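A.B. asks: heads up, no residue letters with this:
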């Protein structure tokens, strides 16, 4: 099992550009989520999904879109990148309920 | 929504001593409290978790205690070792499990040899 994979590992964007961060898991987990990690602010939930076709907003959803067309994939789209979106992005997956969330390796995004 | 506060932000402990990290939460409906460890440049990994119907849980050198009345929970690491050096995050969720976790801001633990 590859677990949770994320691509790319690093990305530099210019203000106003759009891009998609990819996340995939091969553990048949129902729950998937996206977090951003900024210094001194911990992990903040952007969007999450409890199954294919179902998504919901987290704590900081503005400027991001998600979709969940399959159980395995949960891409995060930045519509118009802003410097405030410079961060490390983690995708995570887990079984519903009292189960561990497994994190991907992260994507370091810089917006100039 | 839920708000989780974590203290201290940094902690230095002599090797072999104990370390305690404390978190408070705001939503009395929260019922799941995991702790994650993140080594430098790595992804967060679950080290221990506790549900609201349990007051304490232990796994070798790591223990977590929960006080629902006071709405706080703590991580205890005994006999600390250099490999315990990392950032530790607490989290809370009111959704009967790992759905919609709210994380604390993290504690950077340094073990002094």
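C.D. replies: Everything's here; your move. Just so it is clear, the model here is predicted, and its values are computed rather than measured. Numbering: from 1, shown residues only, chains lettered A, B, ... in the order given.

A.B. asks: so residue A:12 is in which element?
C.D. replies: Here residue A:12 is covered by strand A:10-13, with elements defined by DSSP states H and E.

A.B. asks: how far away is residue B:16 from residue B:82?
C.D. replies: Relative to residue B:82, residue B:16 is positioned 11 Å away (C-beta to C-beta, to the nearest Å). C-betas here are computed from N, CA, C, even on glycine.

A.B. asks: and for residue B:10?
C.D. replies: To residue B:82, residue B:10 is 17 Å away according to C-beta to C-beta.

A.B. asks: for residue A:20, same thing?
C.D. replies: In this structure, residue A:20 and residue B:82 are separated by 40 Å, where distance is defined by C-beta to C-beta.

A.B. asks: between the two, which has more neighbouring residues?
C.D. replies: The residue with more neighbours, out of residue A:20 and residue B:82 and counting by other C-beta atoms under 10 Å in any protein chain shown, is residue A:20; that gives 13 against 10.

A.B. asks: and the closest residue to residue A:89 other than its chain neighbours, backbone torsions?
C.D. replies: In this structure, residue A:89 finds its nearest non-sequential neighbour in residue A:107, 4.7 Å apart by C-beta to C-beta, 6 or more residues apart in numbering or on different chains. Residue A:107 adopts backbone torsions of phi -130, psi 120, taken as degrees, to the nearest 10.

A.B. asks: so who does residue A:107 touch?
C.D. replies: Each residue near residue A:107 by C-beta atoms under 8 Å, 6 or more residues apart in numbering or on different chains is listed here: A:6, A:7, A:8, A:9, A:10, A:11, A:21, A:88, A:89.

A.B. asks: what does residue B:32 give?
C.D. replies: Taking C-beta under 8 Å, 6+ apart as the contact definition, residue B:32 lies against A:98, B:49, B:50, B:51, B:52, B:92, B:93, B:95, B:96, B:97, B:98, B:101.

A.B. asks: of all those, which comes closest to residue B:111?
C.D. replies: residue B:49 (22.8 Å; C-beta to C-beta).

A.B. asks: what sits against the closest one?
C.D. replies: Residue B:49 makes contact with A:98, A:100, B:32, B:33, B:34, B:35, B:57, B:64, according to C-beta under 8 Å, 6+ apart.

A.B. asks: hmm, try it at 6 Å
C.D. replies: When the contact criterion is C-beta atoms under 6 Å, 6 or more residues apart in numbering or on different chains, the partners of residue B:49 are residue B:34.

A.B. asks: interface residues of chain B facing chain A?
C.D. replies: With the criterion set to C-beta under 6 Å from any C-beta of the partner chain, chain B comes near chain A through B:32, B:43, B:44, B:46, B:89, B:97, B:98, B:103, B:104, B:105, B:106.

A.B. asks: ok, and the closest non-adjacent residue to the first one?
C.D. replies: Of all residues beyond its chain neighbours, the one nearest residue B:32 is residue B:93 (4.7 Å), with distances taken as C-beta to C-beta, 6+ apart.
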